[in-house]
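1. no sequence for this one, just the structure:
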């Protein structure tokens, strides 16, 4: 497509790292954050990719993201840590929290990290996959700005509150990463930009009436996925994260989409070490079960997907062939480096 | 309604306890199991109420439920216990597991119990509510017979795999208890019995085609709630529970609906002690947030429900006014006592 460019992974890395370095990020923060954005784009979730870079840079300029932040991991008990991210990069703080629970679970079997004052940690899949990569079961929750209406309500009072789960197998892990909203605000804005109606069920207007008008949806709220059940999960995750991290609830959650507010959301990571607990016995059966699911497609239809499969396939393709991006998105990215990208510090 | 009777709670208790005692249950098992069934009926979930009693009694007769079972709680680490339920009553084993995690979390902050060889533990709400009643965050997962098709598949390969979450507030707890299926098989059978079509989206026929024919649905599979997202959650819960408890997956899960198979499902309980971890600070804000949700109904509509509200209201009403049951269900219950209910041993 004419309005798309394909960016090779190394060029992507070099450019995004240069933008972050130029904006003042340390080498370590720039690397971690670049990998997290790249991972969003590699998995086909552009809303968690380089599109977020201008907001990140502006937040850095406004002192809302601190580089080389003082990340404090306070173990309140042997298996529960409160992590103060010190307003650091989401990528770096999440890495530290994941490292902490993985190392701890190796000894205690179970470890939880409850994180506050970390900037946006991107998709949950890469974080729980790192836990699964250590042979552990991983779970992650994070809160986000209130964009979703309660079931039966009209106002946006609940975050899109995603959940990430990774379970190791004897092959590739099972990986879930899904929000409890029916759709992202990014997709609604895409429809608005192309003057297309949105599918029924995505959103309500400002009066709480279901709407297919993208503009009305932006003035209203996104619907939870799966009706009242998705709503129940979204509220429960909101409560769980807020209570365990001591962060905000509902409209008090700010600072991941804007460029003006300190982040008041929370992130939660849980790791369970199968090796430490002697629980690796079921992994071959799990691998076989997932194969059975994949082979169970209705006659003539596409094969059934196991959570994580599609994302893995898209990632492999893009690693090989480059990341497709809107031409304007990539131009905006390069513009953030400054007048001469070739002279950008990318150490 | 003519085909309904209203049973006072004390009569319900006396009768169900007598049935279980007559079938050989110890006083303790009979009491626990009766309370669990009653709780299902009190909350308006008759599929988890006394309707299950004939299967329980038959399973006892067939030696698949053992009274005064040898329940073994083995702490693999300070915060993770593997529980062997010894084929005991679901109610009793779940109680023991919940007690174990609550007591342990008081010391360690976080505790997990992974339970195998327990019979059906009923609804998850009462178990996580007990955890919340101790001032702790509670989470429960359980697997069940494969009744749900993978998204894009036609065969029933995934359990209805519910999740229970309870978060304390300064008032009543937030309580989620929901299956990852769009509907229970009981509801489909109800429609079949009344020769009514089922709503679109509930199920597929044996060829994997969406159907509104209840009979075709019973030969096919229930759909996951919320499309591919509900499917992803259901599979993740199936994997999590199987791996951590060492129990069955997919069609290997048996023994909660039938009267012939030892139970091969698993149950998982997690407790996090807010007091031990010094995390009670957000509870007033959570209470206020849930009030804000309740008050956010679209103009002129019903108030918004917070997860747990409806169930609590139905329970209060039925505690006061009696439990409505199908006349035939209650007659079948009484018939299980034997020829003279007045002489039933109910200690």
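-> On my side now, so go ahead. Since the structure is predicted, the reported quantities are computational estimates derived from the model, not experimental observations.
2. all strands of the stretch 1-150 of chain A, in order?
-> With DSSP state E, counting those that start in this stretch as the definition, the stretch 1-150 of chain A shows strands at residue ranges A:4-7, A:72-77, A:80-88, A:110-118, A:136-142, A:146-148.
3. mind putting those in TSV, mean neighbour count, distance to residue A:310 and mean pLDDT included?
-> Heads up, the C-betas are built off the backbone N, CA and C, glycines and all. As requested, the strands of the stretch 1-150 of chain A are arranged in TSV below (neighbours: other C-beta atoms under 10 Å in any protein chain shown; distance: least, C-beta to C-beta, whole Å; pLDDT from 0 to 100):
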stretch	mean neighbour count	distance to residue A:310	mean pLDDT
strand A:4-7	16	20	96
strand A:72-77	15	34	98
strand A:80-88	23	31	98
strand A:110-118	27	28	98
strand A:136-142	27	19	98
strand A:146-148	26	24	97
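4. Quickly check: the helix or strand of chain A with the lowest mean pLDDT near chain B or not.
-> Evaluated with mean pLDDT, DSSP states H and E, the helix-and-strand set of chain A has its lowest mean pLDDT in helix A:185-193, which scores a mean of 89. No: under the criterion of C-beta under 8 Å from any C-beta of the partner chain, chain B is not reached by helix A:185-193; the shortest gap measures 14.4 Å.
5. Centre of the chain to that helix, how far?
-> Taking the mean C-alpha point of helix A:185-193 and that of its whole chain, the gap between them comes to 18 Å (C-alpha atoms, centre = their mean, to the nearest Å).
6. Next, format the strands of the stretch 1-150 of chain A as CSV and append distance to chain B.
-> Below are the strands of the stretch 1-150 of chain A laid out as CSV (distance: least, C-beta to the nearest C-beta, whole Å):
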stretch, distance to chain B
strand A:4-7, 26
strand A:72-77, 4
strand A:80-88, 4
strand A:110-118, 5
strand A:136-142, 6
strand A:146-148, 10
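7. Could you point out which of those sits nearest residue A:320?
-> strand A:4-7 (11.1 Å; C-beta to C-beta).
8. who does the closest one touch, helix- and strand-wise?
-> Contact partners of strand A:4-7 among helices and strands, from 3 or more C-beta pairs under 8 Å, 6 or more residues apart in numbering or on different chains; DSSP states H and E: strand A:323-326, helix A:327-335.
9. what do you get if the cut-off is 10 Å, keeping everything else the same?
-> When contacts are defined as 3 or more C-beta pairs under 10 Å, 6 or more residues apart in numbering or on different chains; DSSP states H and E, strand A:4-7 packs onto helix A:9-22, helix A:309-321, strand A:323-326, helix A:327-335.
10. Indicate which one of the ones you listed is closest to residue A:111.
-> Using C-beta to C-beta as the criterion, the shortest distance between residue A:111 and these is 25.5 Å, found for helix A:309-321.
11. hang on, the earlier thing: tabulate the strands of the stretch 1-150 of chain A in CSV, adding columns for distance to residue B:123.
-> As requested, the strands of the stretch 1-150 of chain A are arranged in CSV below (distance: least, C-beta to C-beta, whole Å):
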stretch, distance to residue B:123
strand A:4-7, 50
strand A:72-77, 30
strand A:80-88, 28
strand A:110-118, 25
strand A:136-142, 23
strand A:146-148, 26
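12. Looking at those strands, spot the one closest to residue B:174.
-> Here strand A:136-142 is closest among those (C-beta to C-beta), at 14.6 Å.
13. Quick check, the residue in the stretch 151-300 of chain A closest to chain B?
-> Checking the stretch 151-300 of chain A residue by residue against chain B with C-beta to the nearest C-beta singles out residue A:226 as nearest, at 2.5 Å.
14. Nearest residue to that residue in space, please, no chain neighbours.
-> Once its chain neighbours are removed from consideration, residue A:226 has its nearest residue in residue B:226; the separation is 2.5 Å (C-beta to C-beta, 6 or more residues apart in numbering or on different chains).
15. mind checking which of the strands of the stretch 1-150 of chain A is nearest residue B:77?
-> Proximity to residue B:77 (C-beta to C-beta) singles out strand A:110-118 among these, at 7.0 Å.
16. Mind listing the strands that closest one pairs with, and their directions?
-> Strand pairing for strand A:110-118, determined by DSSP bridges: strand A:80-88 (parallel), strand A:266-273 (antiparallel).
17. That strand vs strand B:72-77, what angle?
-> Going by axes from the mean of the first three to the mean of the last three C-alpha atoms, to 10 degrees, strand A:110-118 is angled at 50 degrees with respect to strand B:72-77.
18. the helices in the stretch 201-347 of chain A, which residues?
-> In the stretch 201-347 of chain A, the helices defined using DSSP state H, counting those that start in this stretch lie at A:214-219, A:227-245, A:274-277, A:283-294, A:309-321, A:327-335.
19. let me fix that: the stretch 51-200 of chain A
-> Applying DSSP H, counting those that start in this stretch to the stretch 51-200 of chain A gives helices spanning A:53-61, A:90-108, A:125-133, A:185-193.
20. Take the ones you listed and write them to JSON lines, including mean neighbour count.
-> JSON lines is the format used below for these (neighbours: other C-beta atoms under 10 Å in any protein chain shown):
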{"stretch": "helix A:53-61", "mean neighbour count": "19"}
{"stretch": "helix A:90-108", "mean neighbour count": "23"}
{"stretch": "helix A:125-133", "mean neighbour count": "24"}
{"stretch": "helix A:185-193", "mean neighbour count": "16"}
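21. picking that back up, how many other residues sit next to the residue of the stretch 151-300 of chain A closest to chain B?
-> Neighbour count of residue A:226, defined by other C-beta atoms under 10 Å in any protein chain shown: 25.
22. wait, it sits on residue B:230?
-> Yes: here residue A:226 lies in contact with residue B:230, judged by C-beta atoms under 10 Å, at a distance of 5.5 Å.
23. what's the overlap in contacts for the two?
-> Shared contacts of residue A:226 and residue B:230 (C-beta atoms under 10 Å, 6 or more residues apart in numbering or on different chains): A:233, B:178, B:180, B:182, B:224.
24. Mind putting those into TSV with neighbour count?
-> Compiled in TSV, the shared contacts of residue A:226 and residue B:230 are given as follows (neighbours: other C-beta under 10 Å):
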residue	neighbour count
A:233	28
B:178	23
B:180	29
B:182	23
B:224	26
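25. State the pair within those residues that is farthest apart.
-> Using C-beta to C-beta, the pair of those lying farthest apart is A:233 and B:182, separated by 14.5 Å.
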